[in-house]
Each structure stands twice: as C-alpha cells, then as structure tokens.
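Asks: Okay, structure incoming, though there's no sequence with it:
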C-alpha cells in the first residue's frame, strides 16, 4: 500500500511517499480503507521530534497521523459493533501511534464511530481529533453549562471552530476571537460575539466569562485570567503550559486545566451524533493529495489555517 513515511524527525523534506506492507489487525481491530485523513498540529510537532515522537520512533516505518475516515474491509474476530463495508471515522490510538497517513489503517473498535451519511469522508476525517479535543475540553474538563459564558480563542481554527459549535449546542453564550477577516465565519458558526484580537486587547472588551478555551498559551493565559470569573475554568491546550496554567489560575481562586485528548468511543459517538444532526460542521480550508504532503504540512505549520486541512490518499 502507499503511505507517507517519516524518514527521520525534522522538516518536511523527511516526508516521503512510499510502498509499505499492509497493516495486520488484532482481534479487536478493523482494517479501514482510508478515503480521507485529517491533519493536526500534533502531526507537525511529532514530525519535528516532539508530540508523540517518543512512541513513533519505535515504529518501522514511522507513519504519522491519527484521524481517518473510510470503509471497513476486514473485521477482527472480537469486533462486535462494526461489519465489513461500514463507513467509519475516528481518532486512532492517541496517545500512541495512529499511522493514518496511509491507504489502509488498522483501528481498534473502541476508537471509531459510524460515519453519518450526511457528511463526506473529508468532513468526517476533519471532525475527529479537533472536534474530540473541543468536546473533551468543554464537557469533561470545563463542565460547561447552559447559560454560562465562554471565551474561545482562535475561534476560526481547527479546535476553535468546533468549540464554538459545541458550546452553542450546550446552550452557552460564546465570545470568539479571530482576525477581522474571519469574523463572519466565527459568527456563522453561532458565536454571540466576535473580538478582533489584532485591533483590540480582548481582555479590555470581553465580558467576564465562566470558561476560557485557550489554544495559544504564553501571555494569552495571563491575559485570559483577567476576564475569568472567580471559580471559573480556563482550559489550555498548547503543550508545555500545564504547571503555568494551574498555578496562575489557583493564585486567583480560579481553576486551570491542561489536558491531552484521548481516543474514546463514547465521545466519538457524540461527535457523530452532532454531525448527523447538523449541529456540527467542518470547515475545510485545504484538501491535499499524498504527492502534496509537504505543502499540506507547510500550511498546517503556518498557524494561520482556518478550520481544518485534509489529506486524500
């Protein structure tokens, strides 16, 4: 099968399309013929030797990727919920190695869900890691409730644009930050207010909120705490901020949480349900073929991606 292998940790020049053996499946796994593969910032971090690199370096060949959507062509003996021919999507083996940059992907039954008929494989692949991150951040970590106010940073980004939609689904009042050029997109997702972070300091114009979702880190955490109510929660996603956000928040009688998304069947079902109901949609800013993997990573690494980027095998 064709796959994108990582020859060594480093730049995009280390990514190469190559023929590799088909993966074999365990009793609790299915084999998926990939139709679309979602790309995420963790892909870039791991490619550079961070992220999930410690686990990936044990693999030969090294294959990046955690998001996939496609059809099941083989089912393990212990699999109960799926059959050959099912269209499925999911975030595979995170933390760990998903190895989804390939034509065929071995996936545990507990890491996938049936793809709703009303969304494409591209949209489903996009709505895996990023949508799961937003769901787990708001529902599990922040325990966001109807009627509460939430500030979502980078609301036009991969995680951010799903977080806005999930927060609206919950019944929260949503303030989203982005550049002015993405204002209409953020409002179209359902956000109640938009803040152009380039023209104003968000902490000077945002109302006090119950929850902050921060995807930026650094001084953004300190500034966000200024608009977080006492007893409120800030959930930080960038790596390396766990102690900072916890300590800074605690000093102000607020809760700071850092977490890494994890594969979970129940949460995948929730994402599938929202997609099926039309309460969640994926914004795709780029669709690339295997032959353009370097360009895809360049776009991803720019940090200015609106919505998600998808790879087509």
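Replies: Thanks, I have it. Here the structure is a predicted model, which means the values were calculated and not measured.
Asks: What is the helix or strand of the chain with the lowest mean pLDDT packed up against?
Replies: The least trusted helix or strand in the chain, going by mean pLDDT, DSSP states H and E, turns out to be helix 242-250, with a mean of 83. Applying 3 or more CB pairs under 8 Å, 6 or more residues apart in numbering; DSSP states H and E, one finds that helix 242-250 contacts helix 219-225, strand 228-236, strand 255-258. Placement of C-beta: from N, CA and C, glycine included.
Asks: any chance of these in JSON lines, plus mean pLDDT?
Replies: JSON lines is the format used below for the helices and strands packed on helix 242-250 (pLDDT from 0 to 100):
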{"stretch": "helix 219-225", "mean pLDDT": "93"}
{"stretch": "strand 228-236", "mean pLDDT": "96"}
{"stretch": "strand 255-258", "mean pLDDT": "92"}
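Asks: among those, which is nearest residue 38?
Replies: Counting by CB to CB, residue 38 lies closest to strand 228-236 out of the helices and strands packed on helix 242-250; the figure is 21.2 Å.
Asks: Can you list the strands that the closest one pairs with?
Replies: Partners of strand 228-236 in the sheet, by DSSP bridges, are strand 209-214 (parallel), strand 255-258 (parallel).
Asks: Would you indicate which residues of that strand are buried?
Replies: 228, 232, 233, 234, 235, 236 (16 or more other CB atoms under 10 Å).
Asks: Can you give me every residue that contacts residue 165?
Replies: Counting by CB atoms under 8 Å, 6 or more residues apart in numbering, residue 165 makes contact with 189, 190, 274, 279, 280, 281.
Asks: who wins for most neighbours among the residues you listed?
Replies: residue 280 (26 neighbours; other CB atoms under 10 Å).
Asks: Could you chop this protein up by domain?
Replies: 2-127+282-312, 130-258 (automatic domain parsing).
Asks: On the pLDDT front, check the residue most central in space within the chain for me.
Replies: Geometric centre of the chain, nearest residue: residue 130, 1.5 Å, by CA atoms, centre = their mean. On pLDDT, residue 130 comes in at 97.
Asks: How about residue 218?
Replies: Residue 218 is given a pLDDT of 86.
Asks: So what's the residue count around it?
Replies: Residue 218 has 12 nearby residues by other CB under 10 Å.
Asks: returning to what we had before: redo the helices and strands packed on helix 242-250 as JSON lines? Include distance to residue 144.
Replies: Below are the helices and strands packed on helix 242-250 laid out as JSON lines (distance: least, CB to CB, whole Å):
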{"stretch": "helix 219-225", "distance to residue 144": "15"}
{"stretch": "strand 228-236", "distance to residue 144": "8"}
{"stretch": "strand 255-258", "distance to residue 144": "12"}
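Asks: right, and these - which one's nearest residue 179?
Replies: helix 219-225 (14.8 Å).
Asks: Check the offset of that closest one from the chain's centre.
Replies: Here helix 219-225 is found 22 Å from its chain centre; the criterion is CA atoms, centre = their mean, to the nearest Å.
Asks: Then stretch 35-44?
Replies: For stretch 35-44, the distance to the chain centre is 9 Å (CA atoms, centre = their mean).
Asks: in the stretch 151-300 of the chain, which spans are strands?
Replies: Remark: strands assigned in the stretch 151-300 of the chain by DSSP state E, counting those that start in this stretch are 173-178, 193-196, 209-214, 228-236, 255-258, 284-289.
Asks: Might you calculate how far the second one sits from the centre of the chain?
Replies: Here strand 193-196 shows a centroid-to-chain-centroid distance of 22 Å under the convention CA atoms, centre = their mean.
Asks: Which strands border it, and is each parallel or antiparallel?
Replies: By DSSP bridges, strand 193-196 pairs with strand 173-178 (parallel).
Asks: still on that earlier bit, can I get the contacts of residue 165 in a markdown table with distance to residue 176 and pLDDT?
Replies: As requested, those are arranged in a markdown table below (distance: CB to CB, whole Å; pLDDT from 0 to 100):
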| residue | distance to residue 176 | pLDDT |
| --- | --- | --- |
| 189 | 8 | 97 |
| 190 | 9 | 97 |
| 274 | 18 | 98 |
| 279 | 17 | 96 |
| 280 | 15 | 97 |
| 281 | 15 | 97 |
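Asks: hmm, back to that, report the two of the buried residues of strand 228-236 separated the most.
Replies: Across those, the longest distance by CB to CB is 13.4 Å; it joins 232 and 236.
Asks: Confirm that residue 27 lies within a strand, as I assumed.
Replies: No: counting by DSSP: H, G, I helix; E, B strand; the rest coil, residue 27 is located in no strand; its state is coil.
Asks: so where's this protein uncertain?
Replies: Scanning the chain for pLDDT under 70 picks out 239-242.
Asks: Does residue 78 touch residue 108 like I think?
Replies: No: judged on CB atoms under 8 Å, residue 78 makes no contact with residue 108 at a distance of 10.4 Å.
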